[in-house]
Structure formats: C-alpha cells, structure tokens
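Novice: sequence and predicted structure, then a few things I'm wondering about:
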Amino acid sequence: MHFYVRKRRTTPAVIIVALIDVLIVLVIFLLVTTTFKQQPSLRLTLPESSQAQKAGANDKETLEVSIGKDGLLRFGSKADVVLVEQLASKLRDAVAKNPGVTLAINADENAPWGKVVKVRDAATEAKIKTLIAYTKETATVKP
C-alpha cells in the first residue's frame, strides 16, 4: 500500500504594512487636494459706506477694474495689469459687444484718486452709462 503524504498548503499572508502605507498616501492626497482655498490675487481694503449693497445685488454683466494702493490697474477676472490707454480700448471693445455693460471700480481705500478719475474718464469715453464703486459696509457700533 502506498500512502500519499499530503502537503500542507501555506495560508496566504496579507502584508498589512503595505496596505497601511497605501492607505496613508491616499489620506494625505485627499487632505491636500480638499483644503485649497480660493484667494483673490489682489488684496484690497475697500472704503466704508453706509449705502453698501450686498455682493450679487446686480444681475447685469459687469466689467471689473481693480486699483491697488500701488496705483496699478487690473482689468477683468484674471486681474491682468493694464495701462489706462489699454483699458480704454478694452472698454470700447466691450461696449461694442454689449452696449448695456456696467463697469465696476474696485479701488483700494489708499489708491491714488487720480487713477480712479482716469478709469472713470475711460469709461465715459467708451460710452459706458453705468458705473459701480465697490465698498464695504460700515461697522455698526452697538451701545
């Protein structure tokens, strides 16, 4: 009689250390990609006004010109730095596309007043009828 010796199979081993490493990498990836904040490229300190409106109160298409405290003009959502002459031609192009366009001036509290006047003159030259100046609400002091 011939007996067969049964070889014992080794149970498959799961390497836990490698799984933990992969899990940690995934967690770090998720943490890094989900914590991005959208910050503006230009920080402005807006002047205060008691008549300030909430953001989004205007439904019309608006073009935005930002004036920093350094006096540089930035046009549009990409905040491209432009000269006053370039701004005037861009405003004329925008009015040619949409005659009812609105210009929003977003000037820093310490921006040179002459730049604000030049932007307003460029808007008048481009025949823009509606101008908006961004402000922030005044802080109400409670007694």
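Specialist: Cool, the structure landed. Numbering: from 1, shown residues only.
Novice: could you pull out the strands for this structure?
Specialist: Assigned by DSSP state E, the strands in the chain fall at 48-49, 62-67, 73-75, 80-82, 102-107, 130-133, 136-137.
Novice: ok, the second one: who's next to it in the sheet?
Specialist: Each strand paired with strand 62-67, and its direction, by DSSP bridges: strand 73-75 (antiparallel), strand 102-107 (parallel).
Novice: TSV for the ones you listed, including mean pLDDT, distance to A122 and mean neighbour count?
Specialist: Where C-beta positions appear, they are placed from N, C-alpha and C, glycine not excepted. Listed next are the strands paired with strand 62-67 as TSV, based on pLDDT from 0 to 100; distance: least, C-beta to C-beta, whole Å; neighbours: other C-beta atoms under 10 Å:
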stretch	mean pLDDT	distance to A122	mean neighbour count
strand 73-75	86	9	20
strand 102-107	86	9	20
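Novice: quick one, which of the ones you listed is nearest to A96?
Specialist: strand 102-107 (14.5 Å; C-beta to C-beta).
Novice: average model confidence for the helix of greatest length in the chain?
Specialist: As assigned by DSSP state H, the longest helix anywhere in the chain is helix 16-34. For helix 16-34, the mean per-residue pLDDT is 88.
Novice: repeat for stretch 135-143
Specialist: Regarding stretch 135-143, the rounded mean pLDDT is 61.
Novice: coming back round to it: now tabulate the strands of the chain in TSV and tack on distance to I28.
Specialist: TSV is the format used below for these (distance: least, C-beta to C-beta, whole Å):
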stretch	distance to I28
strand 48-49	43
strand 62-67	36
strand 73-75	36
strand 80-82	35
strand 102-107	37
strand 130-133	44
strand 136-137	38
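Novice: wait, which of the ones you listed is closest to A18?
Specialist: Closest to A18 of the strands of the chain is strand 80-82 (C-beta to C-beta; 48.8 Å).
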